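Enquirer: quick one, structure for this:
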Amino acid sequence: MKKPAAAGKFELGVCYYPEHWPEEMWEDDFARMANTGFSIVRMGEFAWSLFEPEEGNFQFGLFDRAIESANRHGLKVILGTPTATPPAWLTERYPEVLNVTREGVTLQHGMRRHYNYSSPKYRELCARIVGELAARYGSHPGVAGWQIDNELNCEISDFYSESDHLAFREWLQAKYGTLEQLNDAWGTVFWNQTYSSWSQVFLPRPTPVAGQPNPHQALDEKRFISASAISFARLQAEIIRSKAPSHWVTTNGLFGHLDNHELNDELLDFFSYDSYPQFSTIHANPAEENPLLDRSWSLSLSVTRSISPNFCIMEQQAGPGGWVGRMDMPSPKPGQMRLWTYQSIAHGADMVLYFRWRTATMGHEIYWHGLNDYHNRPNRRVREAETIGRELAAVGERIVGTRVQASVAILRDYDNEWDGEYDVWHGPFNWKSNKEWFKALQYLHIPCDIVYVRPMTTLEELARYEALVYPHPAIMTDATAALLDQYVQQGGKLIFGCRTGYKDERGQCYMRPFPGAAGALCGISVEEFTMVKGTRLPVGIIWSGDSATLTGADDFNDILQVESDSVDVMGTYASDYYTGKPAVTRNRRGAGEVWYYGAVFNEAAARQIISLWGLRSPAADWLELPPQVELQIRSSESASLTFLLNYSEEPAEILLKAPRTDALTGVELSGRYTLEGYGVLLLS
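Expert: Numbers count the residues shown, from 1 in each chain. Below is the predicted model of the structure:
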């Protein structure tokens, strides 16, 4: 049975690296953490050479003392296994553990994540250090749990060492059994790529056109990397489980080429995420209309929630961020750190740790600022953390264990994400449509979930939602189509975007009319299709029943043909050679309906569909909110909390049409209320 991220009370804490600071500073640091309202601290994930300064020589004194010091001040400890940073003695003696680029360049010691998951020697040495740590601290009353490695697949998520090529070959042999089946899955008859011996099979290597391997090989490569990372995590999780059965196990991340759902289901008690909302601000597209900026981080938190409904934030942004040579994020303005903390909590976090207690004075991250600055004097960020600590001490018990409520879900799946990294005919569309749908729902105050469609996904999981959005699932099996049909038949609303259903699980195209596996569901076929690109004029859609409504039909257009009497045309193209042709259709099927939108979604189109579906904010009857305020609801059978988060620096006027209590102050509110810039309100 999985252990919860928190039980009974909310866990607020911080990341700390005792090896970075003189030991005489520890007691004061831990005392101030406790006074700030912290109950938990993470350490150890980058300390292999301290635990094992030379091969086979294990030293635990420094961390024995650090853990005891933290415990004296009422702080529990999360221990990270130190396998993200193999020490220099290891990489010098066993260079085969190092990662290699596709071009064959070996990545050397001097940063982090310079290893590969497949090296038998590295797995052996990792198992040994994890075993020693778990034996040492597995029954320690002050240790709460374990973080496996650190940010699996961060920095780099491709692996081409000799060990990886060999492991890929073994993985393929287990998956396909014979070379004939491999050749068929990869379509190697094209361009005479057929393999006649397993020794000829490798991970993608340099080709005459750079970065252009066989697309079916590239899809299997991503699946292999995920399986390899999970196998590496399993090695550690099983050791910890055997030696520390009372402790929970997690890992932090949400990085590429990793099936985090499988990882969590099989190995973890709960998932952990590292939340840095300013990434979405500094990488924002300046041409985007109505950008969500740091609010768009709620989409990543929704993905995290799909893995683990109640999760841990192992690193919560606490200051300006950046490495010496990359990433230059500004300092959070007054109130923003508190806002981002409650953003994480509103989306399902039951434990939050700030990164980090004090900014490092050396190394790559000397500008990745923590709560305390180098000088260690009181500052604004520490005072803000103290405020959060007091608030969560008062209301945390009411938050822990409640679940986020949503009646709409955006569907995703790993095959299309991984295939779309390479396939420019659908990959970029998925990311844009996900963002635009999320933006429209956010501004209309309609909470939504992210749901990953997997082989074990059930009708029960989908049926809890009134509506599902599956933007561009190019890869779709008949089994997935049948499951979605069941969802619709029992009363659900489902919409697809262009480029749906035309590929099988191998990434090969069906010899069927588009939308392939989804054709019967939609009751239409695709008569023709085209990119909207280059010298082409912008294309629009006129929505049926309201000729004044014209929305853009961006990036790609499927020209639709009705194939069933149950289909209604809901929109037609307004320009180009397919003017007047169907662009949006609705197929009534059973008690529900399936929509097909022939373009890439934008916010205006998503809003139009939301209106036609009659979707409303769950708080619409008692609350009016301006667009800049996010609404999230966490509830259980006995309690409900409504989170209101103002992402604007300016105050926001809200209207409570029925009285509610401010859970942070106990004051009853009704009528008009001014929520300060970057303000947070919890209503019960």
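Enquirer: pLDDT of stretch 228-239, averaged?
Expert: The average pLDDT for stretch 228-239 rounds to 98.
Enquirer: check which residues of the helix or strand encompassing residue 392 are buried.
Expert: Per DSSP states H and E: residue 392 is located in helix 380-399. For helix 380-399, burial by neighbour count (16 or more other CB atoms under 10 Å) applies to 381-382, 384-386, 388-389, 391-392, 395-396, 398-399. Where you see a C-beta, it was placed from the backbone N, CA and C, and this is true even at glycine.
Enquirer: against residue 649, how distant is residue 287?
Expert: 22 Å (CB to CB, to the nearest Å).
Enquirer: the more surrounded of these two?
Expert: residue 649 (13 against 6; other CB atoms under 10 Å).
Enquirer: and the residue lying closest to that one once chain neighbours are set aside, how many neighbours does it have?
Expert: By the measure of CB to CB, 6 or more residues apart in numbering, the closest residue to residue 649 outside its immediate chain neighbours is residue 677, 4.4 Å from it. Per other CB under 10 Å, the neighbour tally for residue 677 reads 17.
Enquirer: report the contact partners of residue 677.
Expert: For residue 677, the contact set (CB atoms under 8 Å, 6 or more residues apart in numbering) comprises 335, 646, 648-652.
Enquirer: ok, now residue 682?
Expert: 342, 395, 641-644, 662-664.
Enquirer: ok, longest strand in the chain?
Expert: Assignment by DSSP state E gives strand 652-661 as the longest strand of the chain.
Enquirer: take it, keep the C-alpha atoms, and write them as CSV.
Expert: The C-alpha coordinates for strand 652-661 follow below in CSV (Å, rounded to 0.1, in the frame of the first residue of the first chain):
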residue,chain,number,x,y,z
ALA,A,652,-8.4,42.1,-8.6
GLU,A,653,-12.1,42.8,-7.8
ILE,A,654,-14.2,39.7,-7.1
LEU,A,655,-17.8,39.4,-6.2
LEU,A,656,-19.1,36.8,-3.7
LYS,A,657,-22.8,36.4,-4.4
ALA,A,658,-23.0,34.1,-1.3
PRO,A,659,-21.1,34.3,1.9
ARG,A,660,-17.9,32.3,2.3
THR,A,661,-15.2,32.1,5.0
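Enquirer: and the next element down the chain from that strand?
Expert: Following strand 652-661 in sequence, per DSSP H and E, is strand 668-675.
Enquirer: helices and strands around that following strand, which ones?
Expert: If contacts are counted by 3 or more CB pairs under 8 Å, 6 or more residues apart in numbering; DSSP states H and E, strand 668-675 sits against strand 652-661, strand 680-683.
Enquirer: give me that answer again for 10 Å
Expert: Packing partners of strand 668-675 (3 or more CB pairs under 10 Å, 6 or more residues apart in numbering; DSSP states H and E): strand 640-646, strand 652-661, strand 680-683.
Enquirer: dump those to a markdown table, plus mean pLDDT and distance to residue 430.
Expert: A markdown table is the format used below for the helices and strands packed on strand 668-675 (pLDDT from 0 to 100; distance: least, CB to CB, whole Å):
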| stretch | mean pLDDT | distance to residue 430 |
| --- | --- | --- |
| strand 640-646 | 98 | 26 |
| strand 652-661 | 98 | 32 |
| strand 680-683 | 98 | 32 |
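Enquirer: dump those strands to TSV, plus distance to residue 377.
Expert: Below are the helices and strands packed on strand 668-675 laid out as TSV (distance: least, CB to CB, whole Å):
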stretch	distance to residue 377
strand 640-646	30
strand 652-661	33
strand 680-683	27
